[in-house]
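Visitor: give me a model of this one.
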Amino acid sequence: MLIPGAAIPNSSLPTPSKNKSITLGPGLRHIPPSTILATISGTLAVDSRKAALWLENTPSSSARYQPGVGDLVVAQIHHSGAGDVFYCSITPHTPHVILGQLSFEGASKKTRPKLESGDLVYARVKSCGRDDECEIECVNSNTGKAEGMGPLKGGMVFDVTTAFARRLMMGKKEKSGLIILETIGEKTRFEVAVGRNGRVWVDSGSIQDTLGIGKCLIGADELGWTLEEQKAMISKTFGG
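Guide: Numbers count the residues shown, from 1 in each chain. Reported below is the predicted structural model:
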């Protein structure tokens, strides 16, 4: 999280293509020759493809997530309903979404997952209709494959802003300005599922390591750590 007057580090800036310049969006101001300052409190968002960056003034944006078709989300089973469906929560302040009990790889009435209230799944938003009713699925309906989706067993869930979740999903540091997951992955093994709805599920098999990963994620989100600050916190938490 950046505060007004904070300078944007060069390591977080996208690299423009030839004959193009960086585009500044809301919340940022250019101070010649090369300083970019935040003018509001918010989370830095970067679109490397368009060489654009802006601030999202959404400290509680995870609560205001609006589902979009194709979004990957970490959802929690709320209850079962008629017609072989689960009703799931993706944020505390949006209507429940529907998950078909057969919307899993290889699922049939005999082999479908036995999920209960409170269980977690990693799913994709399949459709959004009228009255904000949305449907999610844990299988690619075109291929019949899970492709990493499905029930999430064990682990812990950490809440981050939706802007930060989007950055995590970008992957490479050149696009996201983040090295947390890849750097921690060099020190300990873990599984992770990042939801566009601002929920990150982590399981390292160790409560201490899982909490450490969550601490690093939340710190980078709330404090807007630079790459060097990320490295320092990871070294402090995991050694090396």
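
Visitor: give me phi/psi at residue 102?
Guide: phi -100, psi 10 (degrees, to the nearest 10).

Visitor: without its sequence neighbours, what residue ends up closest to it?
Guide: Residue nearest to residue 102 in three dimensions, not counting chain neighbours: residue 112, with 5.8 Å by CB to CB, 6 or more residues apart in numbering. All C-beta atoms are positioned from the backbone trio N, CA, C, and that covers glycine.

Visitor: for the one you found, which three-state class applies?
Guide: Using DSSP: H, G, I helix; E, B strand; the rest coil, the structure places residue 112 in coil.

Visitor: in contact with it, which residues are there?
Guide: Taking CB atoms under 8 Å, 6 or more residues apart in numbering, we find residue 112 in contact with 101-102, 104.

Visitor: pull out the buried positions in the lowest-mean-pLDDT helix or strand in the chain.
Guide: Using mean pLDDT, DSSP states H and E, helix 173-176 stands out as the lowest-scoring helix or strand of the chain, at a mean of 73. For helix 173-176, a neighbour-count test (16 or more other CB atoms under 10 Å) marks 173, 175-176 as buried.

Visitor: for the residues you listed, which one is nearest residue 235?
Guide: Of all the buried residues of helix 173-176, residue 173 has the smallest distance to residue 235: 16.4 Å, by CB to CB.

Visitor: residues in contact with the closest one?
Guide: Counting by CB under 8 Å, 6+ apart, residue 173 makes contact with 179, 182, 227.

Visitor: mind checking which of those residues are in helices?
Guide: Using DSSP state H, the members of the contacts of residue 173 that fall within helices are 182, 227.

Visitor: now rank the contacts of residue 173 by neighbours and give me the top one.
Guide: In terms of neighbour count, residue 179 stands highest of the contacts of residue 173 at 19 neighbours, by other CB atoms under 10 Å.

Visitor: surely that one and residue 229 touch.
Guide: No - at 10.5 Å, residue 179 does not count as touching residue 229 under the criterion of CB atoms under 8 Å.

Visitor: the longest helix in the protein is where?
Guide: When the chain is parsed with DSSP H, its longest helix is helix 207-223.

Visitor: packing partners of it?
Guide: Here helix 207-223 touches strand 156-159, helix 162-170, helix 180-185, strand 199-203, helix 227-238, going by 3 or more CB pairs under 8 Å, 6 or more residues apart in numbering; DSSP states H and E.

Visitor: pull out the buried residues from the second one.
Guide: Buried positions in helix 162-170, judged by neighbour count with 16+ other CB under 10 Å: 162-168.

Visitor: mind listing residues that contact that helix?
Guide: Contacts for helix 162-170 (CB under 8 Å, 6+ apart): 42-46, 48, 56, 58, 61-62, 64-65, 72, 160, 176-178, 180-181, 194-200, 217, 220-221.

Visitor: how about the CA coordinates for it, as PDB?
Guide: Below are the C-alpha coordinates for helix 162-170, written out as PDB (Å, rounded to 0.1, in the frame of the first residue of the first chain):
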ATOM      1  CA  THR A 162      -7.800  -7.700  -5.600                       C
ATOM      2  CA  ALA A 163      -5.200  -5.500  -7.200                       C
ATOM      3  CA  PHE A 164      -2.400  -7.400  -5.300                       C
ATOM      4  CA  ALA A 165      -4.100 -10.800  -6.300                       C
ATOM      5  CA  ARG A 166      -4.000  -9.700  -9.900                       C
ATOM      6  CA  ARG A 167      -0.300  -8.900  -9.600                       C
ATOM      7  CA  LEU A 168       0.400 -12.300  -8.100                       C
ATOM      8  CA  MET A 169      -1.400 -13.900 -11.000                       C
ATOM      9  CA  MET A 170       0.900 -12.100 -13.500                       C
END
